[in-house]
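> Please find the sequence and the predicted model below.
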Amino acid sequence: MSLSLSILFYIKKSKADSTGKSNIYLRITAEGKRAECSIYRKVKSDRWNPKSQRALGNSADANEINRQIDLIKNKIYKIQQEYLVNDKRFDAVDLRDAYLGKGKALKMLLEIFQEHNDKVESLIGKDFASGTAERYRTCKKHVAGFIKQKYKKNDIPVQQVDHKFITGLEYYLKTTRKCAHNSAIKYITNFKKIIRIAHANDWIDKDPFLHWKAKLKIVEREFLTEEEIQRIIELDFKIERLDQVRDIFIFCCFTGLAYADVKKLNKVDIVIGSDGEEWVKTKRSKTDTRSNIPILPIAKVIIEKYKDNELLKEKKLVLPVLSNQKMNAYIKEIATLAGITKNLTFHLARHTFATTVTLTNGVPIESVSKMLGHTNLKTTQHYAKILDMKVSKDMEVLRNKFK
């Protein structure tokens, strides 16, 4: 069997688009036959060297095109080798079709996404939290919306995902879906996992995320001051639902528990520590890491207030927590009544614990990180600006002394 094989890459200048870019084509010649196809990459005619069959320059686009050309060459030589090892007859058409994956069912992007999401759903409570599953469901919905808008299709082959697709998706999230920068980046990071699965299974030749870098913006986290906490505590409610939501919010201000964790907080999670005092010892829903939190007096009072609540007894829950949507709606109502203009959300209680309740009062950042159940100290260091306030407060004593 002949080993003759010629691989050529070329462009058709006469078919350049409105921006002056031409498609790059692959031509395979073997066993006296030719076969051609597009490699789905474009280059400006004056940036193409027909002799070397490569893009000119050292730009990111040129380097990406040249890497793709090398990958295609290697793949075709590998396919040829497989034919030779198995002593099978082949020609240029066979090599081209094998390279294009013809004869094999194309893997569709949203199908791969759904397979992944189904696995995540089945592992909720074991390897994944319900919030993680919800995030992947939402991400898939956004990707489906982008495909519908850009391609006018319900799905596309995963091979069509390239760097342009990723940047287009980011733009779609920020404009059409009105996502904030960090939200858009987090959705694309979720999508990245789907593409990595496709790459690991050889459904795509290269990782289109190779030159994409996630860049999150640092967000200043709001929290309540001691005076604002006191104003909420002193509110006298005649409406039970507001009284109840206020209690749970304040409980979280003094324990640092997130909504999902206080909602599932069980009586077995409250234990006597080695110091003889009561502690909350529970696993975080989000990260599955353990949070160990000494119960401060005000939190203890709130637990006592609801210990005989009939609705909680059956499930042995500690507090009567409503849905996240209702908690956030009612806490905004409470903020208005307390004359607080900050955008109050239930999660702000966790930030308040990290800053006003602990760091400001001299609790070491390592201890705060452990109580919050952070897996990385860097996460806790988002609150480091409060340390500057603490240093300033401490230095004020020294400043007055030297006066």
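Perfect, I can see it now. Here the structure is a predicted model, which means the values were calculated and not measured.
> going forward, measure contacts between C-alpha atoms and count neighbours the same way
Fine.
> So L216 lies in a helix, does it not?
No: under DSSP: H, G, I helix; E, B strand; the rest coil, L216 sits outside any helix and is assigned coil.
> Help me confirm that it comes into contact with Y187.
No: using Cα atoms under 8 Å, L216 is not in contact with Y187, being 11.8 Å away.
> Comparing the two, which residue is more hemmed in?
Y187 (21 against 12; other Cα atoms under 10 Å).
> show me where the stretch 151-300 of the chain has strands.
270-272, 278-283, 290-294 (DSSP state E, counting those that start in this stretch).
> Dump these into TSV; add distance to G125 as well.
Formatted as TSV, the strands of the stretch 151-300 of the chain follow (distance: least, Cα to Cα, whole Å):
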stretch	distance to G125
strand 270-272	21
strand 278-283	12
strand 290-294	15
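> between those, which one is nearest to K316?
strand 270-272 (11.3 Å; Cα to Cα).
> Pairing partners for the closest one, with directions?
strand 278-283 (antiparallel) (DSSP bridges).
> The partner strand vs strand 290-294, what angle?
Taking axes from the mean of the first three to the mean of the last three Cα atoms, to 10 degrees, one finds strand 278-283 and strand 290-294 inclined to each other by 170 degrees.
> Let me see the residues that make contact with strand 278-283.
261, 265, 269-273, 289-295 (Cα atoms under 8 Å, 6 or more residues apart in numbering).
> Repeat that for stretch 339-358.
In contact with stretch 339-358 (Cα under 8 Å, 6+ apart) are residues 221-226, 228, 249-250, 252-259, 324, 327-328, 331-332, 335, 368, 372, 380, 383, 386.
> Just the buried ones from those, in PyMOL syntax?
Entered in PyMOL, the line below selects the buried ones among the contacts of stretch 339-358, by 16 or more other Cα atoms under 10 Å:
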select buried, resi 222+223+224+249+250+252+253+254+255+256+257+258+259+327+328+331+332+335+368+372+380+383+386
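> Sort out which of the contacts of stretch 339-358 are in helices and list them.
226, 228, 249-250, 252-253, 259, 324, 327-328, 331-332, 335, 368, 372, 380, 386 (DSSP state H).
> for the closest residue to K153 other than its chain neighbours, what are its contacts?
In this structure, K153 finds its nearest non-sequential neighbour in I147, 6.3 Å apart by Cα to Cα, 6 or more residues apart in numbering. With contacts defined as Cα under 8 Å, 6+ apart, the neighbours of I147 are 153-156.
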